[in-house]
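In: fold the following for me, if possible:
(one chain, ligands or ions: 2)
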Amino acid sequence: MTLRPILIHPDPRLKKQCEPVARITPDVETLAADMLATMYDAPGIGLAAPQVGVLSRIFVMDAQRDPEAEPRPMVLINPEVTWESEEPNVYDEGCLSIPDQYAEVTRPAQVKMSWLGLDGKQHEEDFDGLWATCAQHELDHLNGVLFIDHISAMRRQMITRKMVKLKRERAREKA
Ligand code: K2U
Ligand code: ZN
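Out: Ligands and ions are numbered 1, 2, ... in the order given. Predicted coordinates for the structure are as follows:
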């Protein structure tokens with residue numbers, strides 16, 4: 001597999017509505033493997049296809065953080081929320097496409113999601129805790145929504161200005 005570059009906000013591809021995956025092809029399997037490798041390398045606990053420039057409805061996640069436990073890599077294709085709790089949860093979120101910026105985001109504490117697996121079968125599972133936060137954060141990415149879209153316009157503008165500066169500095173280093 002290949003590590004893929006992660007797009008940095010602001011980038012129009014991060015704001016697009018992604019297209020459903022029509023069928024599980026070898027290219028989809030390669031993309032999923034590359035996304036998992038890129039996620040673990042970042043390191044992160046989730047990664048959505050638009051973050052590596054592919055505008056398809058697929059994300060990967062592994063919110064298993066206990067170093068003693070086995071990793072639990074998951075690939076969710078065409079994911080949908082089928083139930084969400086009334087109970088909210090607040091988490092200080094970050095994003096691999098918005099490095100070193102964090103903000104409190106409130107989301108449902110539990111969600112039930114259904115998706116197509118790489119095995120070609122439909123899956124459904126309840127998520128809570130960090131799994132629920134991560135799954136909702138990744139699903140937002142497939143709809144062109146970033147965690148900064150859930151905070152005040154002023155804070156969003158401040159973070160965006162910092163990312164524009166960061167991208168300019170990175171471009172200068174490459175030149
Ligand atoms: O989509 C991404 O950018 C990966 C996100 C996923 C995520 C964001 C906020 C809350 C949960 C998951 C992260 O950058 S992965 C980094 C990370 C690591 C441990 C805990 C939270 C976030
Ligand atoms: Zn993100």
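In: hmm, who's touching the helix or strand where I159 lies?
Out: If you go by DSSP states H and E, I159 is part of helix 153-174. With CB atoms under 8 Å, 6 or more residues apart in numbering as the test, helix 153-174 has contacts from I8, H9, P10, I98, P99, Q101, A103, I148, D149. C-betas here are computed from N, CA, C, even on glycine.
In: any idea of the pLDDT on the one residue sitting closest to the centre of the chain?
Out: What sits nearest the mean C-alpha location of the chain, by CA atoms, centre = their mean, is E138, with 3.2 Å. Looking at E138, its pLDDT reads 99.
In: give me the nearest residue to it, chain neighbours excluded.
Out: F59 (3.8 Å; CB to CB, 6 or more residues apart in numbering).
In: wait, is the one you found part of a helix?
Out: No: under DSSP: H, G, I helix; E, B strand; the rest coil, F59 sits outside any helix and is assigned strand.
In: hang on, L142 packs against I77?
Out: No: at 10.3 Å, L142 does not count as touching I77 under the criterion of CB atoms under 8 Å.
In: who touches both of those two?
Out: By CB under 8 Å, 6+ apart, the residues touching both L142 and I77 are R57, I58.
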